[in-house]
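Colleague: Build me a model:
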Amino acid sequence: MARVAREMVQKTGIDIDKLVDMLVRNAAAELTTYYYYTILRVNLIGMEGEGLKEITEDARIEDRNHFEALVPRIYELGGSLPGDMKAFHDISACPPASLPKDPTNIKAMLDVLVKAERCAVAGYSAVCNLTAGKDHRTYDLSLAILHEEIEHEAWFAEFLGEGPSGHFHRTGQGINRNSPYVSKFLHP
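Modeller: Residues are numbered from 1 along each chain as shown. Below is the predicted model:
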């Protein structure tokens with residue numbers, strides 16, 4: 001399977017090694033963001049922090065789902081994940097979404113969250129631009145992730161007072177709530 005998928009993508013003129021590298025780096029960003037968002041969410045306390053906790057949790061779970069959805073495509077294209085977690089962390093497409101020095105500073109926390117989402121939006125936009133009209137499977141997957149990353153960015157930007165985004169918080173439970181665009185790529 002990997003050979004055929006790889007050959008089909010190469011025939012379109014896409015630099016397959018560049019594409020796989022982009023996907024691996026984005027997968028690293030998703031997994032590390034999942035980790036760092038866990039720390040951020042735990043520290044969202046008090047009256048201001050509690051309001052952010054639920055959407056941070058939604059973004060955290062969806063970033064994990066993005067990682068899970070990316071891994072099969074990486075391997076389908078003949079790529080692989082690094083065997084060393086630290087090396088994987090260090091090649092992330094986005095800088096770590098680390099806890100600010102003062103974890104009670106909600107504005108600083110929001111700055112971390114929105115910067116992480118803006119980096120992700122840029123990363124998936126680049127993959128979509130590279131694969132549009134050429135690699136339909138990777139494009140579809142990246143576009144689905146991009147939709148969710150844009151919503152995450154909008155949620156956090158609204159908390160920063162950057163204006164209304166038109167995006168609404170999701171309701172429901174499980175797959176009906178998290179990853180509405182990416183869920184078709186996840187295997188139960």
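Colleague: longest helix anywhere in this protein?
Modeller: For the chain, the longest helix by residue count, based on DSSP state H, is helix 46-76.
Colleague: Can you name the next helix or strand after that one?
Modeller: helix 85-90 (DSSP states H and E).
Colleague: helices or strands next to that following helix in the packing?
Modeller: Judged by 3 or more CB pairs under 8 Å, 6 or more residues apart in numbering; DSSP states H and E, helix 85-90 is in contact with helix 16-42. From N, CA and C alone the C-beta is placed, and that goes for glycine too.
Colleague: any idea how far the helix it packs on is from the chain center?
Modeller: Taking CA atoms, centre = their mean, to the nearest Å, the mean C-alpha location of helix 16-42 is offset from the chain mean by 6 Å.
Colleague: Next, the buried residues of the helix or strand of the chain with the lowest mean pLDDT.
Modeller: Ranking every helix and strand in the chain by mean pLDDT, DSSP states H and E puts helix 2-11 at the bottom, with a mean of 88. When burial is assessed from 16 or more other CB atoms under 10 Å, helix 2-11 yields the following buried residues: 5-6, 9-10.
Colleague: Closest to residue 184 out of the residues you listed?
Modeller: Proximity of the buried residues of helix 2-11 to residue 184 (CB to CB) peaks at residue 5, which lies at 17.9 Å.
Colleague: Surely the closest one and residue 76 touch.
Modeller: Yes: between residue 5 and residue 76 a contact is recorded at 4.5 Å, counting by CB atoms under 8 Å.
Colleague: who touches both of the two?
Modeller: residue 137 (CB atoms under 8 Å, 6 or more residues apart in numbering).
Colleague: low pLDDT regions in the chain?
Modeller: By pLDDT under 70, the low-scoring segments of the chain are 1, 167-177, 188.
Colleague: rerun at 90
Modeller: 1-6, 46-51, 54-55, 155, 158-181, 183-188 (pLDDT under 90).
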